[in-house]
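1. Build me a model:
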Amino acid sequence: MIKFNQKEVKMNKKRLLIIDDDSRNIFALENTLRARSFDCLSCLSAEEALKILHSDENIDAVLIDMMMPEMDGYEAIPLIKQIPSHESTFIIAVTAQAMKGDKEKCLEAGADDYISKPVDVDKLLLLLSKI
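-> Purely as a prediction, here's the structure:
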């Protein structure tokens, strides 16, 4: 288990977009990240996320659930990377499936990193310290 001094993690208002079809996951992540000075936006679908990303150039990172109805993260990530203002936006794939090969599949889709649910806050903060 990664131990990360959470008191030192103040990300100076980095702006995140959380994409998850389960509002309970969004609620938990937003509360955790806002308590550490992140500015969080959220949406319940990849389609809505693409609209947000096309209109907002000031998003530093995206946390995207890989298994959503209609458009999943594997489809959405390449579309996010095609948006000129988000070609280099840091994307973390979030999945409930911690199966062998999942991380590689997420990275092949264009994610910059990967984390499984339930989300380990220390690990997430370590990943977000890269932005």
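
2. Quickly find the element holding the residue nearest the centre of the chain.
-> Geometric centre of the chain, nearest residue: L63, 0.7 Å, by Cα atoms, centre = their mean. L63 is part of strand 61-65 when elements are defined by DSSP states H and E.

3. same question, V94
-> Assigned by DSSP H and E, V94 falls in strand 90-95.

4. Show the contacting residues for the closest residue to Q97 other than its chain neighbours.
-> Counting by Cβ to Cβ, 6 or more residues apart in numbering, Q97 lies nearest to M67, which is 7.0 Å off, once chain neighbours are set aside. In short, each C-beta sits where N, CA and C put it, glycine included. Shown in contact with M67 (Cβ atoms under 8 Å, 6 or more residues apart in numbering): G73, T95, A96, Q97.

5. For those, which single residue is the most surrounded?
-> Counting neighbours by other Cβ atoms under 10 Å, the top entry in those is G73, with 26 neighbours.

6. mind checking how far it is from A35?
-> 25 Å (Cβ to Cβ, to the nearest Å).

7. tell me which residues in stretch 38-50 are buried?
-> F38, C40, L41, S42, C43, L44, S45, A46, A49, L50 (16 or more other Cβ atoms under 10 Å).
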